[in-house]
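>>> Fold the following and give me the result.
(one chain, ligands or ions: 2)
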Amino acid sequence: MPDRPGLQGPVLIVGAGLLGTSIGLALRRRGISVWLRDVSPENLRAAMGLGAGQLVPDIAPPPQLVVVAVPPDVIGETLRWALGAHRGAVVTDVGSIKTGPLEQLRASGLSGLSRYVGGHPMAGSERSGPLAASAAMFDGRPWAVTPHQDSATEAVDVVLSLVAAVGALPVRMSPDEHDRAVARTSHLPHLLASLVAGRLAEAPPGHLALSGQGVRDVTRVAAGDPELWQQIVTGNAPAVVHLLREVREQLDALIAAVSKSNREELVRILSRGVEGTRAIPGKHGGPAREMASVFVSVPDRAGEMGRLFADVAASGVSIEDIHIDHDPGRPTGLFELVVADDSSEHLLAALESRGWVTHR
Ligand SMILES: NC(=O)C1=CN([C@@H]2O[C@H](COP(=O)(O)OP(=O)(O)OC[C@H]3O[C@@H](n4cnc5c(N)ncnc54)[C@H](O)[C@@H]3O)[C@@H](O)[C@H]2O)C=CC1
Ligand SMILES: O=C(O)C(=O)Cc1ccc(O)cc1
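Numbering: from 1, shown residues only. Ligands and ions are numbered 1, 2, ... in the order given. Alright, predicted model coming up:
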């Protein structure tokens, strides 16, 4: 996508953690000047060491854009500081909730609110800090841009240019609608993943030996920083509580169906789940595509993984996702290659013809 003409920099990033450092790396990749600030000297040093930006120079032109990438509880006050300290700059943030910080800004009575436009990349990781950062984090990912009623058009354009510069896809919506949307797509899934993962924390070790890819898929996000997530969830409490109450009712229906072996009701509940997985849009914002997994057994020998990828490349099939599992009892890795459903047969045949042990 061609960049909007608007982002020349410098860009000041406040908070050089996972998100701030990833944005810095993505902007530096485009040759845009990036300055970094952080209350943690270690994080600042690590982010600079990775090449995400530099300290604000003593004599410097004013930043064109300030990106606030600090924990949710301090976003409101940091936005207020940024709007006051950099009066010529557009100010945005990457926080997971949009209405709370905006209300705080409004309540402060600060002028310059027209220069603020909220944002939220729907990309990240269960890890925190600059060392987990990646320049490619936002490639093809949705990034909510949430102008409020007083946001200036030029400010919105600068934030859209940021989104384009880091390779993300803008999704414009109001702050209020955003918070209701992420309660469903991010906050509820996180909390339910935590409940499922919590059952594992008390499992006998022998039972955990039977952990396959399914349990890893369902629990991955639950490894996220509890300090960060309690701030996110409490910042969006009304929308999250509404959904949790719905889930509580559904849990009661599920318990009744399982205890009475009500197969019809179980099929109804499970089918609704299938419908939900199909409703998730495909990568790059495209329509949901049917995916299929091709499993390949890969011997633990130097060079085997490279050979597999070369053979996949030769088949012409593009890999959408990949998971690697280790068979505890055998010197092999089990590679799950997720591909478009209509190319899985071709990939299976291509790999089998090159001697790989595969299954669906
Ligand atoms: N972790 C994720 O995957 C995603 C997080 N977000 C949001 O991005 C924001 C940042 O999250 P992460 O990068 O994951 O957290 P992080 O913990 O990796 O980074 C936060 C950074 O902010 C610094 N910091 C804290 N208070 C500060 C202050 N007052 N002034 C300057 N620096 C300060 C910390 O020292 C740290 O380096 C959060 O608001 C989060 O909700 C948004 C999308 C994804
Ligand atoms: O780890 C993942 O896949 C995520 O979805 C990360 C994430 C965490 C918090 C957000 O507000 C948005 C995205």
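>>> Ligand 2 contacts on the stretch 1-150 of the chain?
96, 122, 124, 125, 126 (Cβ under 6 Å from any ligand atom). (Each C-beta comes from the backbone N, C-alpha and C, glycine too.)
>>> need the residues you listed in JSON lines with secondary structure, can you?
Converted to JSON lines, those look like this (DSSP: H, G, I helix; E, B strand; the rest coil):
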{"residue": "96", "secondary structure": "coil"}
{"residue": "122", "secondary structure": "coil"}
{"residue": "124", "secondary structure": "coil"}
{"residue": "125", "secondary structure": "coil"}
{"residue": "126", "secondary structure": "coil"}
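>>> right, and out of those residues, which lies closest to ligand 1?
residue 124 (1.8 Å; Cβ to the nearest ligand atom).
>>> contacts with ligand 1 among the residues of the stretch 1-150 of the chain next to ligand 2, please.
96, 124, 125.
>>> nearest residue to the residue positioned nearest the centre of the chain other than its sequence neighbours?
Centroid-nearest residue in the chain: residue 123, 2.2 Å away (criterion: Cα atoms, centre = their mean). Nearest residue to residue 123 in three dimensions, chain neighbours excluded: residue 141, at 3.8 Å (Cβ to Cβ, 6 or more residues apart in numbering).
>>> Could I get the full set of strands for the stretch 51-200 of the chain?
Along the stretch 51-200 of the chain, counting by DSSP state E, counting those that start in this stretch, strands occupy 54-55, 65-68, 90-93, 118-121, 142-146, 169-172.
>>> contacting residues around the first one?
In other words, strand 54-55. 34, 35, 36, 44, 48 (Cβ atoms under 8 Å, 6 or more residues apart in numbering).
>>> One more pass at 7 Å, please.
Contact partners of strand 54-55, identified using Cβ atoms under 7 Å, 6 or more residues apart in numbering, comprise 35, 36, 48.
>>> Among those residues, which one lies nearest to residue 186?
The shortest approach to residue 186 among the contacts of strand 54-55 belongs to residue 36, at 26.2 Å (Cβ to Cβ).
>>> quick one: pLDDT of the closest one?
If you check residue 36, the pLDDT there is 98.
>>> Can you classify it by secondary structure?
strand.
>>> Burial check on it, number of neighbours?
Counted with other Cβ atoms under 10 Å, residues neighbouring residue 36 total 25.
>>> can you list the residues of the stretch 51-200 of the chain near ligand 1?
Going by Cβ under 6 Å from any ligand atom, the residues of the stretch 51-200 of the chain near ligand 1 are 69-72, 74-75, 78, 94-96, 120-121, 124-125, 128-129.
>>> rerun that using 8 Å as the cut-off
The stretch 51-200 of the chain comes close to ligand 1 at residues 69-72, 74-75, 77-78, 93-97, 120-130, 132, as judged by Cβ under 8 Å from any ligand atom.
>>> The stretch 201-350 of the chain now?
Residues of the stretch 201-350 of the chain lying close to ligand 1 by Cβ under 8 Å from any ligand atom are 224, 225, 228, 231, 232.
>>> Which helix or strand contains the third one?
Put plainly, it is residue 228. Per DSSP states H and E, residue 228 falls inside helix 226-235.
>>> and the strands of the stretch 51-200 of the chain as a markdown table, adding mean neighbour count?
Output for the strands of the stretch 51-200 of the chain, formatted as a markdown table (neighbours: other Cβ atoms under 10 Å):
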| stretch | mean neighbour count |
| --- | --- |
| strand 54-55 | 14 |
| strand 65-68 | 27 |
| strand 90-93 | 29 |
| strand 118-121 | 24 |
| strand 142-146 | 22 |
| strand 169-172 | 17 |
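>>> Not counting stretch 187-197 itself, show me its contacts.
So stretch 187-197 is contacted by 218, 219, 221, 222, 224, 229, 232, 233, 236, 240, 243 (Cβ under 7 Å, 6+ apart).
>>> Brilliant, that's me finished.
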